[in-house]
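1. Got a sequence here, can you model it:
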Amino acid sequence: MLWFGQVLGMYGLGSNPAAKTTWPELVGLTAEEAERKIKEEKPGAQIQVVQPDCFVTMDFRQNRVRLHVDSFGKIERAPRIG
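-> This is a model prediction of the structure:
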């Protein structure tokens, strides 16, 4: 019988439980500042800046981080992987 953690490890999920998936501390920074900080922690991240009232797809990508900005170019919600 396999435990849940073992199953996740088999599929490459949860292999680094300390890996960061969200950056709430970046709310209020500019998109450029946020991108720089995220890439320091996750160099392979694809950053996507999302302007106000723009639509995005609902697909999940492990290497994508969306930066939702307000009309002043400041991060308005916590960036996260997806």
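
2. so how far is stretch 30-43 from its chain's centroid?
-> Offset of stretch 30-43 from its chain centre (C-alpha atoms, centre = their mean, to the nearest Å): 10 Å.

3. Could you pull out the buried residues of that stretch?
-> Buried residues in stretch 30-43, counted by 16 or more other C-beta atoms under 10 Å: 31, 34, 35, 38, 42. Bear in mind the C-beta positions are built from the backbone N, C-alpha and C, glycine included.

4. Kindly report the same for stretch 43-56.
-> Those buried within stretch 43-56 under the rule 16+ other C-beta under 10 Å are 45, 47, 50.

5. Among the buried residues of stretch 30-43, which one sits closest to residue 55?
-> Of all the buried residues of stretch 30-43, residue 31 has the smallest distance to residue 55: 18.1 Å, by C-beta to C-beta.

6. for that closest one, what are its contacts?
-> 49, 67, 69, 73, 74, 75 (C-beta atoms under 8 Å, 6 or more residues apart in numbering).

7. Buried ones among those residues?
-> 67, 69, 74, 75.

8. Those into CSV, with extra columns for secondary structure, pLDDT and distance to residue 82?
-> Formatted as CSV, these follow (DSSP: H, G, I helix; E, B strand; the rest coil; pLDDT from 0 to 100; distance: C-beta to C-beta, whole Å):
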residue, secondary structure, pLDDT, distance to residue 82
67, strand, 98, 12
69, strand, 98, 17
74, strand, 98, 20
75, strand, 98, 15
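
9. and the residues you listed, which two are the farthest apart?
-> 67 and 74, at 9.9 Å, using C-beta to C-beta across the buried ones among the contacts of residue 31.
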